[in-house]
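Enquirer: What shape does this take:
(one chain, ligands or ions: 1)
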Amino acid sequence: MKLVQQDYKPIGVFDSGYGGLTILKSIMTELPQYDYIYLGDNARAPYGSRSYDVVYEYTLQAITHLFSQGCELIIVACNTASAKALRTIQQNDLPLIDSSKRVLGVIRPSVEKIPQYTSNGHVGVLGTTGTILSGSYPMEIAKVSNNEILVTQEACPMWVPLVENDELESVAADYFVSRNIQNLFEKDPQIDTVILGCTHYPLLIPTIQKFLPSHVQLLEQGPIVAVSLRDYLNRHPEMEQICSKKGSLKLLTTESVQNFEPRASLFLGRQVKAEKIQL
Ligand code: DGL
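Expert: Residues are numbered from 1 along each chain as shown. Have a look, this model is predicted:
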């Protein structure tokens, strides 16, 4: 067993697969000084249509592993896991594991920005079946907007498999993306802002833009989460000081590295090495 260095306190970033790399990339651009460790549970992705119990169990395993690697702060860069597991982990598990550690999600920071983007109060949310059925977005948006924003949702169960299988600009991608966007606007033609409520979806932006009405604003989470993390660290100097700052990046996957490395390199825009782990 490899021992973890005492002073290595990377910020952990977790996703079911590759999607969280879109968040990691934005965070590393905004805050390049910290050490990062990314964990993609690619062997078990997608999480989108799995039950609450299973998403919770997988997410807790991933978080426990990241804590064992020295993380004090973890970003769950997955909406499905943020919607279905985060609250239980924050409320029930963290106090038992170590109450000084923190696990943050991606839904709350994304939602906080929505009121400043929409001008007519009609917002669309695209996400996995799990995220949409959880009702997390409408619930959180209602809180930040005093119930003044009308939220219309559309589950896009085929989009994560398209991204995981590198079908980004294909006939299949065109078919599923156009169908879901059409469904969303049939439900509310007045939508002026759409949030990509899944960290895989930014990879589909060129295809999404082909079918989205041109006046509609498209919000992706990476830059929003990165700024929100910067603010969080400013507000929590005790956590900021603990996080180690050598600018390193370590990538872990539950799939084979032969599969993971070329795709991760593409997502991050540079050649990267990964390590296979078992959860
Ligand atoms: N990136 C995850 C999300 O943000 C994808 C979930 C999945 O694995 O289906 O929801």
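
Enquirer: Buried residues, stretch 24-38. List them.
Expert: Under the neighbour-count criterion of 16 or more other CB atoms under 10 Å, stretch 24-38 has 24, 25, 26, 27, 28, 31, 34, 35, 36, 37, 38 buried. All C-beta spots, glycine's among them, are computed from the backbone N, C-alpha and C.

Enquirer: Let me see the ranges of the helices in the stretch 1-150 of the chain.
Expert: Using DSSP state H, counting those that start in this stretch, the helices of the stretch 1-150 of the chain run over residues 20-30, 52-68, 79-84, 86-88, 94-97, 107-113, 129-134, 136-145.

Enquirer: what's the model's confidence in the shortest one, averaged?
Expert: Throughout helix 86-88, pLDDT has a mean value of 96.

Enquirer: contacts for it?
Expert: With contacts defined as CB atoms under 8 Å, 6 or more residues apart in numbering, helix 86-88 is touched by 56, 59, 76, 103, 105.

Enquirer: Of these, which is the most crowded?
Expert: In terms of neighbours by other CB atoms under 10 Å, the contacts of helix 86-88 top out with residue 76 at 28 neighbours.

Enquirer: Look up how far residue 95 lies from it.
Expert: Computed as CB to CB, to the nearest Å, the residue 76 to residue 95 distance reads 17 Å.

Enquirer: Check residue 23 too.
Expert: According to CB to CB, residue 23 stands 26 Å off from residue 95.

Enquirer: low-confidence ranges in this protein?
Expert: 1-4 (pLDDT under 70).

Enquirer: Show me where it has its strands.
Expert: Here the chain has its strands, by DSSP state E, at 11-15, 36-40, 73-76, 102-104, 122-127, 150-155, 193-196, 217-219, 249-253, 275-276.

Enquirer: Which among those is found nearest to the ligand?
Expert: The ligand lies closest to strand 11-15 among those, at 5.0 Å (CB to the nearest ligand atom).

Enquirer: Tell me the strands beside that closest one, with direction?
Expert: strand 36-40 (parallel), strand 73-76 (parallel) (DSSP bridges).

Enquirer: Establish whether it and the ligand are in contact.
Expert: Yes. Strand 11-15 is in contact with the ligand by CB under 6 Å from any ligand atom, via residue 15.

Enquirer: still on that earlier bit, so which of the strands of the chain has the densest surroundings on average?
Expert: Ranked by mean neighbour count, the strands of the chain are led by strand 11-15 with a mean of 28 (mean count of other CB atoms under 10 Å).

Enquirer: can you put the strands paired with strand 11-15 in TSV and add distance to residue 274?
Expert: Listed next are the strands paired with strand 11-15 as TSV, based on distance: least, CB to CB, whole Å:
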stretch	distance to residue 274
strand 36-40	8
strand 73-76	18
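
Enquirer: Make CSV from those strands and add distance to the ligand to it.
Expert: Shown next, in CSV, are the strands paired with strand 11-15 (distance: least, CB to the nearest ligand atom, whole Å):
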stretch, distance to the ligand
strand 36-40, 10
strand 73-76, 9
